[in-house]
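**Q** Could you work out the structure for the sequence below:
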Amino acid sequence: MSTPTTPVIVRTVAPADVERCAAIEAACFPPEEAASPERVAQRATAFARGFLVAELDGVLFGMANGAASHRPDLADEEFKALVGHEPDGANLVIFSLAVHPDFQGRSLSTPLVNAYLERAREDGRRAVLLLCKERLVPYYARFGFIDRGLSASTHGGARWHEMAVTL
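**A** Coordinates of the predicted model:
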């Protein structure tokens with residue numbers, strides 16, 4: 001597929017976006033890994049500053065969401081429910097970066113990731129952290145993330161790599 005000629009718009013999530021974001025989450029992750037619609041709504045409501053969406057020609061196609069913490073531990077499952085979320089935390093932790101399958105393969109995630117990193121810088125964070133599968137390590141490395149090795153997380157029964165970028 002080709003790269004779009006119109007600009008991708010990245011903005012903070014709005015309440016009207018939650019249903020579409022939940023559908024994107026479900027389309028991009030296996031059921032055992034995907035956040036429930038309720039969890040997506042919770043993230044959008046509790047920490048909208050850490051929840052960005054991306055649109056192309058008026059169609060919401062992607063999202064990146066997470067929470068903030070002073071802790072570097074990414075294996076805590078309760079954290080994904082915002083238990084331990086510290087709005088002033090030094091680290092911004094990405095829970096989900098997703099681009100709807102109909103929009104994948106067009107480099108549309110790049111403006112979303114860049115905007116998330118810029119938001120973290122604006123907010124004075126020291127680092128952005130995430131977990132990803134091994135096949136995505138090179139993708140995140142393009143944005144400056146360093147692979148810190150395998151995580152203790154067993155979310156969804158998968159093996160995860162801890163990635164971090166210092167800001």
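
**Q** longest single helix anywhere in this protein?
**A** Longest helix in the chain by number of residues, with DSSP state H as the criterion: helix 109-122.

**Q** Just the buried positions in that one, please.
**A** 109, 111-113, 115-117, 119-120 (16 or more other C-beta atoms under 10 Å). For glycine as for every other residue, the C-beta is placed from the backbone atoms N, C-alpha and C.

**Q** packing partners for it?
**A** strand 9-12, strand 51-56, strand 59-69, strand 91-99, strand 127-132 (3 or more C-beta pairs under 8 Å, 6 or more residues apart in numbering; DSSP states H and E).

**Q** switch to 10 Å and redo it
**A** For helix 109-122, the elements it packs on are strand 9-12, strand 51-56, strand 59-69, strand 91-99, strand 127-132, helix 137-141, strand 161-166, judged by 3 or more C-beta pairs under 10 Å, 6 or more residues apart in numbering; DSSP states H and E.

**Q** avg pLDDT for it?
**A** Confidence for helix 109-122, expressed as mean pLDDT, is 97.

**Q** Could you dump the buried residues of helix 109-122 into CSV with distance to A141 added?
**A** CSV is the format used below for the buried residues of helix 109-122 (distance: C-beta to C-beta, whole Å):
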residue, distance to A141
S109, 14
P111, 18
L112, 17
V113, 12
A115, 19
Y116, 16
L117, 13
R119, 20
A120, 17
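
**Q** which one of the residues you listed is nearest L129?
**A** Lowest distance from L129 to these (C-beta to C-beta) belongs to A120, with 10.1 Å.

**Q** measure the closest one to A64 for me?
**A** 11 Å (C-beta to C-beta, to the nearest Å).

**Q** Mind listing the shared neighbours of those two?
**A** 50, 92, 94, 128 (C-beta atoms under 10 Å, 6 or more residues apart in numbering).

**Q** circling back to that earlier point, distance to S151, mean pLDDT and mean neighbour count for the helices and strands packed on helix 109-122 - can I get that in CSV?
**A** Output for the helices and strands packed on helix 109-122, formatted as CSV (distance: least, C-beta to C-beta, whole Å; pLDDT from 0 to 100; neighbours: other C-beta atoms under 10 Å):
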stretch, distance to S151, mean pLDDT, mean neighbour count
strand 9-12, 27, 98, 15
strand 51-56, 22, 98, 22
strand 59-69, 15, 95, 23
strand 91-99, 12, 94, 23
strand 127-132, 5, 93, 21
helix 137-141, 12, 97, 14
strand 161-166, 5, 94, 19
